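**Q** Kindly generate the corresponding structure for this input.
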Amino acid sequence: MSGPSKPSVTDEVWTDERVKSFLALPGVGADGADFTELLKAYRGMRASDFERFLRFFIEAGRDVYATDHRGRTIWSIMEKHRPGAEFLAVKETVCGE
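**A** Below you'll find the model as predicted:
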């Protein structure tokens with residue numbers, strides 16, 4: 001959360017190890033680990049870091065179309081968010097779709 005007491009940090013260094021740490025997140029509630037990891041990465045990373053994460057995610061054999069308990073993919077959620085367009089472009093680059 002950003003605000004006067006907690007300024008936004010946009011120049012953080014995301015090492016490969018830090019990016020890969022998102023591959024070890026447990027599922028939340030009825031949502032599986034694959035969906036949770038994609039969601040947390042989307043919420044916590046810049047698009048350039050998300051691109052690296054997505055490559056590691058696919059290399060690990062994970063499901064890029066994992067759904068939450070309501071049947072939504074991360075991509076359908078991104079379509080509804082203005083900042084999601086940059087992340088959807090990453091998907092097109094990495095997945096060829």
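
**Q** C-alpha from now on. contacts and neighbour counts both.
**A** Will do.

**Q** mind showing which ranges of this structure have poor pLDDT?
**A** The model of the chain has pLDDT under 70 over residues 1-11.

**Q** In terms of helix, strand or coil, where does the residue nearest to Phe56 when sequence neighbours are not counted fall?
**A** Using C-alpha to C-alpha, 6 or more residues apart in numbering and skipping the chain neighbours, the partner closest in space to Phe56 is Lys20 (6.9 Å). Secondary structure for Lys20, judged by DSSP: H, G, I helix; E, B strand; the rest coil, is helix.

**Q** Is it correct that Lys20 is in contact with Phe53?
**A** Yes. Under the criterion of C-alpha atoms under 8 Å, Lys20 makes contact with Phe53 at 6.5 Å.

**Q** Between the two, which has more neighbouring residues?
**A** Between Lys20 and Phe53, counted using other C-alpha atoms under 10 Å, Phe53 has the larger neighbour count: 24 against 16.

**Q** tell me which element the more buried one is part of?
**A** helix 47-59 (DSSP states H and E).

**Q** who's in contact with the next helix or strand after that helix?
**A** Counting by DSSP H and E, the next helix or strand C-terminal to helix 47-59 is helix 74-78. Among residues not part of helix 74-78, those counted as contacts by C-alpha atoms under 8 Å, 6 or more residues apart in numbering are Phe35, Leu38, Leu39, Tyr65, Ala66, Thr67, Gly84, Ala85, Phe87, Leu88.

**Q** Tell me which entries of those lie within helices.
**A** Phe35, Leu38, Leu39, Gly84, Ala85, Phe87, Leu88 (DSSP state H).

**Q** and those, which are buried?
**A** Neighbour-count burial (16 or more other C-alpha atoms under 10 Å) is assigned, among the ones in helices among the contacts of helix 74-78, to Phe35, Leu38, Leu39, Gly84, Phe87, Leu88.
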